[in-house]
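Colleague: Need a 3D model of the following:
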Amino acid sequence: MRDVHATTILAVRRNGVTALAGDGQVTVGDVVMKHTARKLRLLRNGTVATGFAGSTADALTLFDRFEQQLDRAQGQLRRAAVELSKEWRSDKYLRRLEALLLVADAEQIFILTGDGDVIEPDEGVAAIGSGGTYAQAAARALLRHTEMDAESIARAAMEIAAQMCIYTNDQLVLVTISAGISS
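Modeller: Coordinates of the predicted model:
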């Protein structure tokens, strides 16, 4: 998988609710340029959430392509994820894009890469970006050892990642999706 720095995006699923959280830090080299960026996007009337790590312009291109695939697949997240990954890997222009996507609905979470990977986590937790491993480890521990809901786990795990990763801050954007309801 590509080594993408300068952000943390985390998805946590528990009891039919998926929470997606992203930090707000934008880093260029070793300088923090912005603290309150929004790296998450809701699609399909709030039933699908997406987040990105990597180049913003590249990620926006991929968001648009993913939304097109989601429309073609009539909202079927898995099918849209596979089709975007195939297009991303085979298209000469898209192959050069430097970003990772995390996409989720109330029932599924996927990490998409330009290498053609469509990764569905085993435990209902996935993360991308430089602080992703910290956030993912914290979220897994909280899932196993607490009764916290998905949103609380995502928030706490991202706060832990922000304390450990210099490319992640605690200015969080958090969205939740449950069957038919999003916020």
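Colleague: alpha carbons only for contacts and neighbour counts from here, please
Modeller: Will do.
Colleague: Against Thr113, how distant is the residue of the chain positioned farthest from its centre?
Modeller: What lies farthest from the middle of the chain is Lys92; by CA atoms, centre = their mean that is 24.2 Å. Distance of Lys92 to Thr113, computed by CA to CA, to the nearest Å: 15 Å.
Colleague: which helices and strands does the lengthiest helix in the chain pack with?
Modeller: Determined from DSSP state H, the single longest helix within the chain is helix 56-72. Where contact means 3 or more CA pairs under 8 Å, 6 or more residues apart in numbering; DSSP states H and E, helix 56-72 is packed against strand 48-54, helix 77-90, strand 99-104.
Colleague: can you list those in TSV and add distance to Val173, mean neighbour count and mean pLDDT?
Modeller: As requested, the helices and strands packed on helix 56-72 are exported to TSV (distance: least, CA to CA, whole Å; neighbours: other CA atoms under 10 Å; pLDDT from 0 to 100):
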stretch	distance to Val173	mean neighbour count	mean pLDDT
strand 48-54	10	26	92
helix 77-90	22	20	92
strand 99-104	14	27	92
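Colleague: now the ones you listed in JSON lines, with distance to Ile128?
Modeller: Output for the helices and strands packed on helix 56-72, formatted as JSON lines (distance: least, CA to CA, whole Å):
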{"stretch": "strand 48-54", "distance to Ile128": "6"}
{"stretch": "helix 77-90", "distance to Ile128": "16"}
{"stretch": "strand 99-104", "distance to Ile128": "7"}
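Colleague: moving C-terminal of the helix or strand hosting Gln136, what's the next helix or strand?
Modeller: Using DSSP states H and E, Gln136 sits within helix 132-145. Going down the chain from helix 132-145, the next helix or strand is helix 150-164, by DSSP H and E.
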